[in-house]
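Visitor: could you work out the structure for the sequence below:
(chains A and B)
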2 protein chains.
Amino acid sequence: MRIALDAMGGDHGPGPNVAGALKALAAAPDLTVVLVGDKGQLDPLLADAPAGRVEVFHCTESVGMQDKPTEAFRKKPDNSIARCWQLVATKAVDGLVSAGNTGAVVAGGLFTRRFLKGVRKPGIAAVMPTAKGRCVILDVGANVFPKPAHLLQYGVMGAVLARHMLGVEQPKIGLINVGEEQGKGHDLVQQTYDLFRNGPLKDRFVGNVEGRDIHKGAADVIVTDGFVGNVVLKHAEGVFDFIMHMVGQDVIGVLSAERDLAVQAARAMVGKLHYSAFGGASLLGVDGVCVICHGSSDERAIASALGVAAQDVRVRLNDRIVEELAALPAMGDGEE
Amino acid sequence: MRIALDAMGGDHGPGPNVAGALKALAAAPDLTVVLVGDKGQLDPLLADAPAGRVEVFHCTESVGMQDKPTEAFRKKPDNSIARCWQLVATKAVDGLVSAGNTGAVVAGGLFTRRFLKGVRKPGIAAVMPTAKGRCVILDVGANVFPKPAHLLQYGVMGAVLARHMLGVEQPKIGLINVGEEQGKGHDLVQQTYDLFRNGPLKDRFVGNVEGRDIHKGAADVIVTDGFVGNVVLKHAEGVFDFIMHMVGQDVIGVLSAERDLAVQAARAMVGKLHYSAFGGASLLGVDGVCVICHGSSDERAIASALGVAAQDVRVRLNDRIVEELAALPAMGDGEE
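Guide: Sure, this is the predicted structure:
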């Protein structure tokens, strides 16, 4: 299987991308990585690459983290993100991984216009830790003003991901809202609630989930609009960093004899719960696997994302999404 | 000064409310608390009350935590929340505190139709801990589908609260968004960004704030719609509980000789950062002080909320809000 990696993406340039690719190759014997980026910068980093399993697809431009996506695509046609998507669209690769400008990665996917059959709007699914294991949250940024029917489809796609990637046999779906009771929140969530409650997913739907219950593991699939999902995903990261800083200062800081032991244990815990352990977020709904990484991704995060992309391909995640969507009764076809 | 306390509010009935009132009275010699609720249940709890500083305003009904606010007000006219608001409206008290049904407390405030001069829509402001101290976040639930002009006013009201209640001389205002750059997010945040950036608050406005930067202390006043604010406030609580659970298990759990020391330190840290230390959230924009507590509030949280309400009165928070709003140039008077 072949995965394209946006070698120019992320805050730290090609270094962690190439290192992450080599790490992923060591872990997955069936994987070939196509590094998309500037050959002059990439070749010197590839001295230790396993023969025949890394290719470089040369391109001359890259999208900056602050660039506006549509503008970047117009002004820099030979950018690494666009080239990754072209490789996906022509089936030269099975999927792509990028730690670059998220908006540009999503825009690239939308520009291909090759949505999976039945999909109205792609969404980004991230995985977060909970007290019961892990949950999928989507959308975390592709669609900041969705329609209820989009959110229903996110429930379907998220459940496929939870089943095939997290091993949850019967995923429960929850809707982020400001209260548990039906009738809470604005029109979007009220209408979405009704679609879930009265539709084909009613047996999987656990109802509204409040902010405080997400990490209790109230649902395996947390559905929300891309604005709220993006805020929640980043907020989890921010609260985590803040609390661990306070734990270091107020708790570990008062220890003496066992301080080193506590520091080691805290590091291991951070490693387990940190976003880099969760393999990046999957853009679901586009024909071709796409895993989007945090801009600050290190080697471990890139390797983990490549692993997720490879696994998405192995379990034929997209075929399963198409099957599940096809099994839904047609709904509201009048609206986009 | 006189504060009405919804003695029937919260998940645990009159017990923690009365205990919290007695605790608050001990801390504030200028305070009188009017307990609003069922006299038969309240009188037996008042054996130790300081003479002349606790009054009971009897009422026969209460709003359940699951009740729909408007329905509750129609079907239970003698409920404790409505009675608290009537005491505020008739100036029999200076403010109210309630741990009851938040929707009903807000609805009660809106029903009075006594908004502060210039206020378009009241909002709820909560205080959260950050790496730099504390920040105000609003709205956290009164207005789930606001207009840009409402959010601008929340910036003004939040800054008044930060200055007079948190002691921040020159509060910085940030807008929750999915990216830092101008032009990110949906219409509401884009238009709100422009109002802040080009309007009278431009010198205080630090721009968009992402979920991960809130607890870094990126701004003293975090402005957002009531849906996102509610999710963020509760999510902070949920992540905090989850992380502290994991710290207990993975970090403190591996210690032996210094385990008790670490447990004590962790408890102290939780006490410092827990929502009960932050005194409840203030409904800003209504003529009369109103502090809304968490449903699960204990004695400490109620006492702390009464302390906040009393301080709101002392610093004449509402007068200052009116002054600041009056100083803004008139904007977009055509829209509601």
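
Visitor: for the record, mean pLDDT for the longest helix anywhere in chain A?
Guide: With residue count as the measure and DSSP state H as the assignment, chain A has helix A:226-246 as its longest helix. Model confidence over helix A:226-246, given as mean pLDDT, is 96.

Visitor: what is the subsequent helix or strand relative to that helix?
Guide: Note on helix A:226-246: by DSSP states H and E, the next helix or strand toward the C-terminus is helix A:259-273.

Visitor: which parts of whichever helix or strand comes after that next one are buried?
Guide: Sequence-wise, the next helix or strand downstream of helix A:259-273 (DSSP H and E) is strand A:281-284. Neighbour-count burial for strand A:281-284 flags A:281-284 (criterion: 16 or more other C-beta atoms under 10 Å in any protein chain shown). Placement of C-beta: from N, CA and C, glycine included.

Visitor: out of those residues, which touch chain B?
Guide: Restricting the buried residues of strand A:281-284 to those touching chain B (C-beta under 8 Å from any C-beta of the partner chain) yields no residues.

Visitor: still on that earlier bit, so is the longest helix of chain A next to chain B?
Guide: Yes. Interface with chain B: helix A:226-246 contributes A:226-228, A:230-246 (C-beta under 8 Å from any C-beta).

Visitor: return the set of buried residues in that helix.
Guide: A:226-244, A:246.

Visitor: again with stretch A:30-50
Guide: For stretch A:30-50, the neighbour count (16+ other C-beta under 10 Å) marks A:31-38, A:41-42, A:45-46, A:49 as buried.

Visitor: just the CA trace of it, in PDB.
Guide: Written as PDB, here are the backbone C-alpha positions of stretch A:30-50 (Å, rounded to 0.1, in the frame of the first residue of the first chain):
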ATOM      1  CA  ASP A  30       3.300  -3.500   3.600                       C
ATOM      2  CA  LEU A  31       3.800   0.300   3.500                       C
ATOM      3  CA  THR A  32       5.400   2.500   0.900                       C
ATOM      4  CA  VAL A  33       5.600   6.200   1.500                       C
ATOM      5  CA  VAL A  34       5.700   8.800  -1.200                       C
ATOM      6  CA  LEU A  35       7.300  11.900   0.100                       C
ATOM      7  CA  VAL A  36       5.900  14.900  -1.600                       C
ATOM      8  CA  GLY A  37       8.100  18.000  -1.500                       C
ATOM      9  CA  ASP A  38      11.300  19.600  -2.500                       C
ATOM     10  CA  LYS A  39      13.700  16.900  -3.700                       C
ATOM     11  CA  GLY A  40      16.700  19.000  -2.800                       C
ATOM     12  CA  GLN A  41      15.700  19.200   0.800                       C
ATOM     13  CA  LEU A  42      14.500  15.600   1.100                       C
ATOM     14  CA  ASP A  43      17.200  13.500  -0.600                       C
ATOM     15  CA  PRO A  44      19.900  14.300   2.100                       C
ATOM     16  CA  LEU A  45      17.500  13.100   4.800                       C
ATOM     17  CA  LEU A  46      17.000   9.700   3.100                       C
ATOM     18  CA  ALA A  47      20.400   8.100   3.500                       C
ATOM     19  CA  ASP A  48      18.900   5.500   5.900                       C
ATOM     20  CA  ALA A  49      15.700   4.900   4.000                       C
ATOM     21  CA  PRO A  50      14.900   1.200   3.300                       C
END
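
Visitor: give me the contacts around it.
Guide: A:1-8, A:13-15, A:17-19, A:21-22, A:24-26, A:52-60, A:62, A:80, A:83-84, A:87, A:92-93, A:306, A:310 (C-beta atoms under 8 Å, 6 or more residues apart in numbering or on different chains).

Visitor: so where do the helices sit in chain A?
Guide: Under DSSP H, chain A gives helices at A:14-27, A:39-42, A:69-75, A:80-89, A:102-112, A:148-165, A:187-198, A:226-246, A:259-273, A:299-314, A:317-327.

Visitor: with distance to residue B:207 added, can I get those helices in a markdown table?
Guide: Listed next are the helices of chain A as a markdown table, based on distance: least, C-beta to C-beta, whole Å:
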| stretch | distance to residue B:207 |
| --- | --- |
| helix A:14-27 | 28 |
| helix A:39-42 | 33 |
| helix A:69-75 | 19 |
| helix A:80-89 | 25 |
| helix A:102-112 | 17 |
| helix A:148-165 | 29 |
| helix A:187-198 | 26 |
| helix A:226-246 | 15 |
| helix A:259-273 | 29 |
| helix A:299-314 | 27 |
| helix A:317-327 | 37 |
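
Visitor: ok, which of the ones you listed comes nearest residue B:159?
Guide: helix A:226-246 (21.6 Å; C-beta to C-beta).

Visitor: okay, now the nearest residue to residue A:23 once chain neighbours are set aside: neighbour count?
Guide: Counting by C-beta to C-beta, 6 or more residues apart in numbering or on different chains, residue A:23 lies nearest to residue A:303, which is 3.8 Å off, once chain neighbours are set aside. Close neighbours of residue A:303, defined as other C-beta atoms under 10 Å in any protein chain shown, add up to 25.

Visitor: now residue A:303: how far from chain B?
Guide: Residue A:303 sits 23 Å away from chain B, going by C-beta to the nearest C-beta, to the nearest Å.

Visitor: for residue A:40, same thing?
Guide: 30 Å.

Visitor: next to chain B, which bits of the stretch 51-200 of chain A? Give me the list.
Guide: So the stretch 51-200 of chain A meets chain B at A:66, A:68, A:103, A:129-131, A:141, A:144-145, A:176, A:178-179, A:181, A:183, A:185-187, A:189 (C-beta under 8 Å from any C-beta).
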